[in-house]
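Trainee: following is a predicted model, sequence given first.
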There are 2 protein chains.
Amino acid sequence: MEQYYKLDKWHIIEHGFNPQKNEISESVFSIGNGYMGQRANFEEQYSGSSLQGSYLAGVYYPDKTRVGWWKNGYPSYFAKVLNSTNWIGIDIKINDCILDIAKGTLKDFKRVLNMKDGYLERSFTLVLENNNEIHVNSKRFISMTRGEIGAIHYTITPINFSGEITISPYLDGNVKNTDANYGETFWDEISKKAEPFEGYVMLKTKKLDFNICTYMTYELCKNGEIITPNVELLEKEKFISNTAKISCNKNDKIEIFKYVANTSSRYYEKDELVSITRKLSIKAKNDGFVNLLEEQSNAWKDKWEESDIVIEDDIAAQQGIRFNIFQLNQTYTGKDERLNIGPKGFTGEKYGGSTYWDTEAYCIPFFLSTAEPNVSKNLLLYRYKQLNKAIGNAEKLGFSNGAALYPMVTMNGEECHNEWEITFEEIHRNAAIAYAIYNYVNYTGDKTYIQEYGLEVLIAISRFWAQRVNFSKQKNKYVILGVTGPNEYENNINNNWYTNRMASWTLEYTIKAINYLKESNPDRLMDIMKKVNFKDDEISKWHDIIDNMYYPVCDKLGIFLQQEGYLDKEQILVKDLDKSNLPLNQNWSWDRILRSCFIKQADVLQGLYFLEDEYDINTIKNNFDFYEPRTVHESSLSPCIHSILASKIGNHDKAYEMYLRTSRLDIDNYNNDTCDGCHITSMAGTWMSIVHGFGGLRVRNNKLILNPFIPEHWKSYSFKIRFRGALLKISITNKYVNISNELNKDVIIEVYSKDYKLAGNSNIIIQR
Amino acid sequence: MEQYYKLDKWHIIEHGFNPQKNEISESVFSIGNGYMGQRANFEEQYSGSSLQGSYLAGVYYPDKTRVGWWKNGYPSYFAKVLNSTNWIGIDIKINDCILDIAKGTLKDFKRVLNMKDGYLERSFTLVLENNNEIHVNSKRFISMTRGEIGAIHYTITPINFSGEITISPYLDGNVKNTDANYGETFWDEISKKAEPFEGYVMLKTKKLDFNICTYMTYELCKNGEIITPNVELLEKEKFISNTAKISCNKNDKIEIFKYVANTSSRYYEKDELVSITRKLSIKAKNDGFVNLLEEQSNAWKDKWEESDIVIEDDIAAQQGIRFNIFQLNQTYTGKDERLNIGPKGFTGEKYGGSTYWDTEAYCIPFFLSTAEPNVSKNLLLYRYKQLNKAIGNAEKLGFSNGAALYPMVTMNGEECHNEWEITFEEIHRNAAIAYAIYNYVNYTGDKTYIQEYGLEVLIAISRFWAQRVNFSKQKNKYVILGVTGPNEYENNINNNWYTNRMASWTLEYTIKAINYLKESNPDRLMDIMKKVNFKDDEISKWHDIIDNMYYPVCDKLGIFLQQEGYLDKEQILVKDLDKSNLPLNQNWSWDRILRSCFIKQADVLQGLYFLEDEYDINTIKNNFDFYEPRTVHESSLSPCIHSILASKIGNHDKAYEMYLRTSRLDIDNYNNDTCDGCHITSMAGTWMSIVHGFGGLRVRNNKLILNPFIPEHWKSYSFKIRFRGALLKISITNKYVNISNELNKDVIIEVYSKDYKLAGNSNIIIQR
């Protein structure tokens, strides 16, 4: 943990350049718009360490995975998010000396992520090796209004010399993935063209035939006037550039405005890609950088209007939550139902840009409250549409009768990850997908989802659980053997409390859903049951499992046991561990982690969070007090759940500590892995820490419930939520809770156990 | 299981060609000589399915393993045995039609492995697509007396035509490994040369710089006379050939004798390789095929003289044991102490040709009895020399104070495998290495090994165990968490009975060894203790662990439990499983295998086999009767142990069934995987099934013990063993046990619990 960036309410600021931290900054200062993303690599050449990254949503590569230790049932590929054409590149020479901030003397380096207006800015002064001194400023953004457009404004000012500046804007498809095995490359060239002041590169993936086109146009200015010098054209394999030489005097202002459109065959016909991309790029150029940036600023103004959380008197906390909200909005816009939310978004290669249970367990609650219901519904439908593939996946593993096992990692419904302990055994993801249905219906009140889509998914998942348990004669109970729970620092364990409980809960909820339809729409129920070939005795089997599921507990400690045998481990607390051991996953071998008592992420606590209504406060407290000191939070998904539960049990200091940890995880590089990319999905958990944790927001029996507290040294905080047609702004101070209903829709809210009816377009102040 | 080859006492015979079984036959008919090996690929072109394989001992490639799911502590490479230059190749054209038995009409195909004389023969008649009919006979062998030499005699007879036969002997280094990831290749050319009637290719590995040279010379004959037609020379990348066109008449006999030397920089200086290899090849040519084959036959005669097992009246059993002994002798000769015994020997790529615990647990007993003690001692020293690397390996995993964890898979003492559940957790291999020291000392009586080498290894391994246990307050016992036992169908389990017991046994034996030296050579002990910085309290800790180790048991069933929780699994017997499920590892996904009760290989039984003196016969029987019906024997190492224990408890039918299974595992392709190569190390287990199982051979308190029985329908069987300077031939019939002492060394033998003193060069007949 370190505080490298300056504290600021609306900006992330790197002041002074630390090459060792460059890859971290490249992640943190990433920009994107839901369709594409770009790490904060430099436009000009840089010979220091850098993770180049430019990503297009949904464009991936099915990497061969059949290495030596392939196991029966593994998927045939591992989906890799691809680093695609470098579109930001502008090579600069100052009197024949290449501009590279790793060489020469750097002064006044500043990198700023402007979250309010949605752009990245960088400036520096450099004395080059030829003693020429220049000042550089670069601004760039990826447009929130024009999905394909990125724009750069790059300015160079000679400070101590007159001479020649050479500017070469380029597009380069000769990019690699650092996670490529055996140096494999992923792109083939289709076509390219360099012309004066424009050019393009069109590529295709070596497999799956994704076509992408990148088109650049640009303008050069000298002291504010457009100039059109002769340019030298260059075409190489997957590469095009223009080169202009500009003579300049001391203090001249040389500018380049580069407008790039990135398109893919996911959105346009292949044979039209070049012409469409060209049009988009030229349109952007014609509209101009200033206007585009104003569009961008307005678009972000609207985003913030809807989703900002304001914290008074705690800049670190304020910066943290805004960074999280900013990154979430950059990653997923809900506009394309084929997309989902990768754990690193567009900020790095890791986790392949694929869909994980993170979406259901962490992101859905965020979008339920901050967007129209159709956004969460789209995320649910993503899984509904993949039900047949989930059934096929379960069949591969020996299940039958329509049992579904959703993939742990997927691009298109197929499993595409192959660590056996995760792919085959982290089956709890199935329960999270069922829980998301419950969550959606509970929050929105949209029960039609059950009959239209939800029940089919619930039945298929319940069938999986009913086949996955086995009856232990020794215990006279149903057991679930050989699983990995959310705590991935245990593998292939027996009777993981969380998995057993969520399996049983799924069966309970599915039975409830069937009973609900039995009364509300028996014809539709009949249709579904016929479609899935449902047998009546399935329900009695489910009841038997619910009634006789085994749950490991320790009565003496009053806790649920993470898994059988957990107490045989040497019991050490994280605080008693020498700090040099942390993070464990970078310092300990895997077996040592596995046999230690240390927990990567909430596991029993995750279950208590999902199903809190079933447990009294003492049970939650006992478990929290036992597990929290053993948890190293090396999953980004961990601290938010701990924060929410700490709020629940009144441990406000711990709730605040965990909030800071989740909200500043990447800014402060807590887990020493931000260089790989930011932890996007857990950012939704950060939001939950405030809204569900500090704010105590719940929905029960169609009623919105709030039980807010305010961290000690905050003056106030406020957040907005959507609930059943209403848009509520909730502000909390030490003295009162102020709720304004900003739309014309009445709503009943329970605050501190008392109901309030809040009419549309009104507000209410409740004394605390 | 299938009986595809003809039963024969001295030969493996394939009569008629089944292309679907070709890769199996290529494994079974492999030839080798301890330095190199060659699968039974065809000399001429073959367009059907084939696994090309030519391997040189100790020449491997450190394949990069850092794929996506790399874990902390993994080794940096996975050692691959390399397919090296194809030296057998002879392209044939019959009047411009390529000879390829996949094309045309094949008649009278016969492939014979002559185990008595040590060569491979193949003959067939083929009507080619141009209707030319030919008869072909090919003989080849790899010399047991000249480590580098392979020789081929290939004969073609035109049956229905006169015309032109084109013969192109070649060397081809453009070979691949089928287990290469991402199509990676492993060889670079250094030099090559094609000259009339000779030529060479010299290559180097892309990493580690192993140089190999392959030199061929050859002669052509027509109707028994040497001919020297003009030859066309060809040199291509890593390839050289000669091409001769020979006009022939019907029934002419066209022959080629090809003599190839294969050398590597492991044995010769790089800059001398070409000239040395040329000399070896020319020498072989000058000596001639007939003489070389006679040498070969004599060498094998000597081998059989020493190690043959003769079984009367059971051809399947006889063929099985000879095949096993033949393959063992082809794989390891004990001449090069840097070599060890890969699980597939030279018969396939799988398992990387590396050293596993197979050597200590299975091969040592074979070599103890069939070779001079220095052969087993060399195998022990192989580990002694790698002790520092084993200590380094343990350090990587967080151990200290000189604790050693030997690698699970190694080429040079470094771990080179990376499935975490194996590499990090199959720690029982450490105990097998300790046990081999006990076994060697017990069998040979050579106690000096302890003070010279053994104790250092024992202390280092004991230190590992002492750190690897942890004390469970809950159980008030020491536990060993997170291991994989010999039964690899369970991963990351707690308290594996075998591992716990062998860990404790290692501590006991190490204390015994220390106490022995305390009395016999205290000065040497002092030196060792100083060298390893031994603290006295280490022994008291070891005693505490021995006294308080936790062993999972089921008192009700009277069995040791394979691991904690085993009885929570659904208990099904193999016999009740539909046969379509077998082998499980080809039909079930990994998680399903893991959570089933089915056992890959003896686990509790392996422990009872090693430590049988500690357990009464009822304990062994109870455990055997419980576990055997749950064992699928999908490890080749399993049936032999079951056979020996079945013999021990008097279950002779099961002992015989398991003997047939182990001895004919590859000939009959029991596990449907012989296509990958033969199971070489388990072949030593086959030998043990007869000698330790049927023969009941043991060594206790420096005395040889025999308790033979004879399988029901056998007339007699006999085997030879070396024991402390004596060479004994032991023959068993229904009526008597005949023991002849073939050397001039007295020996005391206990047979059926009665001691007999057998003078040198005498024999004794004991009534049964």
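Mentor: Everything's here; your move.
Trainee: list the contacts of residue A:213.
Mentor: A:200-203, A:261-264, A:273-274, A:276-277 (CB atoms under 8 Å, 6 or more residues apart in numbering or on different chains). Every residue, glycine included, has its C-beta placed from N, CA and C.
Trainee: strand partners of the helix or strand hosting it, parallel vs antiparallel please.
Mentor: Element membership of residue A:213, judged by DSSP states H and E, is strand A:211-222. Looking at strand A:211-222 with DSSP bridges, its partner strands are strand A:198-205 (antiparallel), strand A:225-227 (antiparallel), strand A:254-264 (antiparallel).
Trainee: next SSE downstream of the last one?
Mentor: Spelled out, that is strand A:254-264. helix A:273-287.
Trainee: tell me the buried residues in that next one?
Mentor: Within helix A:273-287, the residues scored as buried using 16 or more other CB atoms under 10 Å in any protein chain shown are A:273-274, A:276-278, A:280-281, A:284-285, A:287.
Trainee: for these, which one is nearest chain B?
Mentor: Checking the buried residues of helix A:273-287 against chain B by CB to the nearest CB gives residue A:273 as the nearest, at 29.0 Å.
Trainee: spatially nearest residue to the closest one, not counting backbone neighbours?
Mentor: Leaving aside its sequence neighbours, residue A:273 sits nearest to residue A:213 (CB to CB, 6 or more residues apart in numbering or on different chains; 4.2 Å).
Trainee: what sits closest to the residue of the stretch 201-350 of chain A found nearest chain B if chain neighbours are left out?
Mentor: For the stretch 201-350 of chain A and chain B, the shortest gap (CB to the nearest CB) falls at residue A:350, measuring 8.7 Å. Nearest non-adjacent residue to residue A:350, counting by CB to CB, 6+ apart: residue A:676, 4.5 Å away.
Trainee: quick one on the thing from earlier: so how far is the strand holding residue A:213 from its chain's centroid?
Mentor: Strand A:211-222 sits 29 Å away from the centroid of its parent chain (CA atoms, centre = their mean, to the nearest Å).
Trainee: same thing with stretch A:580-588?
Mentor: Using CA atoms, centre = their mean, the offset of stretch A:580-588 from its chain centre is 24 Å.
Trainee: point me to the residue of the stretch 151-300 of chain A nearest chain B.
Mentor: For the stretch 151-300 of chain A, CB to the nearest CB, closest residue to chain B: residue A:182, 4.1 Å.
Trainee: in CSV: the strands paired with strand A:211-222, plus mean pLDDT and mean neighbour count.
Mentor: Output for the strands paired with strand A:211-222, formatted as CSV (pLDDT from 0 to 100; neighbours: other CB atoms under 10 Å in any protein chain shown):
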stretch, mean pLDDT, mean neighbour count
strand A:198-205, 98, 23
strand A:225-227, 97, 10
strand A:254-264, 98, 25
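Trainee: tell me which of those sits nearest to residue A:758.
Mentor: Ranking the strands paired with strand A:211-222 by proximity to residue A:758 (CB to CB) places strand A:254-264 first, at 45.1 Å.
Trainee: ok, now which ones touch residue A:733?
Mentor: Contacts of residue A:733 by CB under 8 Å, 6+ apart are A:710, A:715-716, A:768.
Trainee: one step back: give me the local confidence score for the residue of the stretch 201-350 of chain A closest to chain B.
Mentor: Taken from the predicted model, the pLDDT recorded for residue A:350 is 83.
Trainee: so it makes contact with residue A:344?
Mentor: Yes - counting by CB atoms under 8 Å, residue A:350 does reach residue A:344; the two are 5.4 Å apart.
Trainee: same drill for these two, tell me which one is more crowded.
Mentor: Taking other CB atoms under 10 Å in any protein chain shown, residue A:350 and residue A:344 do not tie; residue A:344 has more neighbours (26 against 17).
Trainee: what sits against the more buried one?
Mentor: A:350-351, A:353, A:676-680.
Trainee: narrow the residues you listed to those in helices?
Mentor: Members of the contacts of residue A:344 lying in helices (criterion: DSSP state H): residue A:680.
Trainee: tell me the mean pLDDT for the longest helix seen in chain A?
Mentor: Longest helix in chain A by number of residues (criterion: DSSP H): helix A:497-520. Computed over helix A:497-520, the mean pLDDT rounds to 98.
Trainee: what is in contact with residue A:350 and residue A:344 at once?
Mentor: A:676-677.
Trainee: so what's the residue count around the residue nearest to residue A:350?
Mentor: By other CB under 10 Å, 20 other residues sit near residue A:676.
Trainee: and what of the one 3 residues further on?
Mentor: Burial of residue A:679 is recorded as 29 neighbouring residues (other CB under 10 Å).
Trainee: go ahead and confirm it touches residue A:666.
Mentor: Yes - Residue A:679 sits in contact with residue A:666 when judged by CB under 8 Å, with a separation of 6.1 Å.
Trainee: anything in contact with each of the two?
Mentor: Common contacts of residue A:679 and residue A:666, defined by CB under 8 Å, 6+ apart, are absent altogether.
Trainee: what's residue A:337 in contact with, if anything?
Mentor: Going by CB under 8 Å, 6+ apart, residue A:337 touches A:378, A:381-382.
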